[in-house]
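Asks: Test case, fold it:
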Amino acid sequence: MRFGTAGVPNSSKDRSTIGGIKTIRELGLDAMEVQFVRGVKMGLEVAEQVREVAENLGVYLSVHAPYYINFNADGNKLKASVERLRKTIEIGGVFAKDVVFHPGYYLKRSKEGTYSRIRNNLKPLVNFAFERGVMLRPETTGKPTQFGDLDETLKLCQELEILPCIDFAHVHARYRAYNSYDEFCEILEKVESYLGSEALKRFHAHVSGIEYGLKGEKRHLNLNQSDFNYRELLKALKDFNVDGVIIVESPNLEEDALMLKRLYAGGGI
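Replies: Numbers count the residues shown, from 1 in each chain. Presented below is the predicted three-dimensional model:
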């Protein structure tokens, strides 16, 4: 299992993507999720440099697409969403083989109608990504207004033949549950049931503490400042022989990532 941060580590003096990759290796971490969340502002030349540095240092990279995406939208908003994800695939796919994204919002449509629209609007981009060797990964989301509960995310992946990003903090906040060993095992069982054992061998997840209420996610917290049972999650991952990447989204980033890596490697769970 690889452990890394969502974006450049806090301790990195060089705030560029390349600087972040070098800091990841200096810290003894294994991965970084490049954040295009405010827009794709990297060119092809820099993307090639990022790929070369990451390969030389043995750091796994994924990329998170812009937040301003809604495949349940209409007109220009849908067109802009398609373009943002396409651009993420074009640039991010140079150095990363996994593109994480939030599919959209229900707006005033039914869950069933939203699902159908998002699935149909995503199909051409799934093909575009496959042609470039990129896996699109819809992320489980933390608010009831957002498309992306656990089952619809896995069903979408099953139909489009892609793989998910399981954000355990979001699932916990959305359901105000899924925070025990048995419940973490239930999530992993669902992933395997929908998508087969390969999905547990190419696993991609986000982890953090989280503050939540009746409307779901409020904000991310450091793990030890939250109620998230990360030790039980690590135990479930080990017991299911899960292989892949854990990206930490806690405010302290590398501190929690290093803690999880040490616990996982040391068996102190």
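Asks: With just CA atoms, put the lengthiest helix in the chain into CSV.
Replies: Counting residues, the longest helix found in the chain (DSSP state H) is helix 111-131. Taking C-alpha atoms only, helix 111-131 is exported to CSV below (Å, rounded to 0.1, in the frame of the first residue of the first chain):
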residue,chain,number,x,y,z
LYS,A,111,-31.6,10.2,-8.1
GLU,A,112,-32.5,7.9,-11.0
GLY,A,113,-32.7,10.7,-13.6
THR,A,114,-29.4,12.2,-12.3
TYR,A,115,-27.7,8.8,-12.5
SER,A,116,-28.8,8.3,-16.1
ARG,A,117,-27.7,11.7,-17.2
ILE,A,118,-24.3,11.5,-15.5
ARG,A,119,-23.7,8.0,-16.9
ASN,A,120,-24.6,9.0,-20.5
ASN,A,121,-22.7,12.3,-20.4
LEU,A,122,-19.5,10.6,-19.1
LYS,A,123,-19.4,7.8,-21.6
PRO,A,124,-17.5,9.7,-24.3
LEU,A,125,-14.9,10.9,-21.8
VAL,A,126,-14.4,7.4,-20.4
ASN,A,127,-13.5,6.3,-23.9
PHE,A,128,-11.3,9.4,-24.3
ALA,A,129,-9.5,8.4,-21.1
PHE,A,130,-9.1,4.7,-22.0
GLU,A,131,-7.4,5.7,-25.3
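Asks: what comes into contact with that helix?
Replies: Helix 111-131 has contacts (C-beta atoms under 8 Å, 6 or more residues apart in numbering) with 71-72, 78, 81-82, 85-86, 89, 93, 99, 103-104, 106-107, 109, 135-136, 147, 152, 155-156, 159-162. The C-beta positions use only the backbone N, C-alpha and C, and glycine is treated the same way.
Asks: most centrally placed residue in this protein?
Replies: A centroid search over the chain (C-alpha atoms, centre = their mean) returns C165, at 4.3 Å, as the residue closest to the centre.
Asks: quick one, what contacts that one?
Replies: By C-beta under 8 Å, 6+ apart, the contact list for C165 reads 98, 100, 137-140, 204-206.
Asks: Tell me which of those residues fall in strands.
Replies: Those of the contacts of C165 mapping onto strands are 98, 100, 137-138, 204-206, per DSSP state E.
Asks: export those to CSV and tack on distance to E255?
Replies: Below are the ones in strands among the contacts of C165 laid out as CSV (distance: C-beta to C-beta, whole Å):
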residue, distance to E255
D98, 24
V100, 22
R137, 25
P138, 28
H204, 21
A205, 18
H206, 16
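Asks: and which of these is nearest R51?
Replies: Nearest to R51 among the ones in strands among the contacts of C165 is D98, at 13.8 Å by C-beta to C-beta.
Asks: Settle this for me: R109 is touching F71, isn't it.
Replies: No. With contact defined as C-beta atoms under 8 Å, R109 does not count as touching F71 (11.8 Å).
Asks: Which one's more surrounded, those two?
Replies: Applying other C-beta atoms under 10 Å to R109 and F71 shows that F71 carries more neighbours, namely 24 against 16.
Asks: Give me the secondary structure label for the more buried one.
Replies: coil (DSSP: H, G, I helix; E, B strand; the rest coil).
Asks: mind listing the strands for the stretch 1-150 of the chain?
Replies: Ranges of strands in the stretch 1-150 of the chain, per DSSP state E, counting those that start in this stretch, are 2-6, 31-35, 60-64, 98-101, 135-138.
Asks: The contacts of C165: which two are farthest apart?
Replies: Greatest spatial distance in the contacts of C165: D98 and T140, 14.9 Å, computed using C-beta to C-beta.
Asks: Now a ChimeraX select for only the buried ones of the contacts of helix 111-131.
Replies: Per 16 or more other C-beta atoms under 10 Å, the buried members of the contacts of helix 111-131 correspond to this ChimeraX selection:
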select :71,72,78,81,82,85,86,89,93,99,103,104,106,109,135,136,147,152,156,160,162
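Asks: hey, where'd the helices end up in the stretch 101-250 of the chain?
Replies: Counting by DSSP state H, counting those that start in this stretch, the stretch 101-250 of the chain has helices at residues 111-131, 150-160, 168-175, 181-195, 198-201, 230-239.
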